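Undergrad: Everything below, folded, please.
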Amino acid sequence: MTREELIEVMARAILQDFEDGADMSTHPVPERAASRNARAALAALEAAGVRLVPSEATQEMTGAVLEPTASRYEVMKTYSDMIAASPYAPPGG
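TA: Okay, here's the model as predicted:
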């Protein structure tokens, strides 16, 4: 997922109630502002030292491993363990 796709997902979440047919004209955050708000939220997280990463390492990420003798499985397992140990991991998984 690219950064722009992530922002789109976040913007859709901001406007989630409209998927149920809510009247957009009465919403305090109009659709045109949702992307701007999502972008600002992501920037605030990054300014606080938080980075969003995929749950599973991508091919490019595993290819960036410094230890050329590590197997793809070892890299994926280590990455999964690191994500699970993150202080920002959602409760229960």
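Undergrad: what's the biggest helix by length in the chain packed up against?
TA: What stands out as the longest helix in the chain, according to DSSP state H, is helix 31-47. With contacts taken as 3 or more Cβ pairs under 8 Å, 6 or more residues apart in numbering; DSSP states H and E, helix 31-47 sits against helix 3-14. C-beta: built from backbone N, CA, C; applies to glycine.
Undergrad: Now the helix it packs on: buried residues?
TA: Along helix 3-14, these residues count as buried under the neighbour rule (16 or more other Cβ atoms under 10 Å): 7, 10-11, 14.
Undergrad: With pLDDT as extra columns, can I get those residues in TSV?
TA: As requested, those are arranged in TSV below (pLDDT from 0 to 100):
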residue	pLDDT
Ile7	85
Met10	86
Ala11	85
Ile14	82
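Undergrad: re the thing from before, and the angle for the longest helix of the chain with helix 3-14?
TA: Going by axes from the mean of the first three to the mean of the last three Cα atoms, to 10 degrees, helix 31-47 is angled at 120 degrees with respect to helix 3-14.
Undergrad: residues making contact with helix 31-47?
TA: 3, 6-8, 10-15, 18, 24, 29, 51-52 (Cβ atoms under 8 Å, 6 or more residues apart in numbering).
Undergrad: Find out how far that helix is from the centre of the chain, if you would.
TA: Helix 31-47 sits 12 Å away from the centroid of its parent chain (Cα atoms, centre = their mean, to the nearest Å).
Undergrad: Quick one: mean pLDDT over the following helix or strand past it.
TA: On the C-terminal side of helix 31-47, the nearest following helix or strand under DSSP states H and E is helix 59-63. Across helix 59-63, pLDDT averages out at 78.
Undergrad: counting contacts, what elements does helix 59-63 pack onto?
TA: helix 72-85.
Undergrad: tell me the mean pLDDT for the helix it packs on?
TA: If you average the pLDDT values across helix 72-85, you get 86.
Undergrad: contacting residues for the most centrally placed residue in the chain?
TA: By Cα atoms, centre = their mean, the mean C-alpha position of the chain lies nearest to Leu52, the distance being 4.6 Å. Leu52 makes contacts with 6, 42, 45, as judged by Cβ under 8 Å, 6+ apart.
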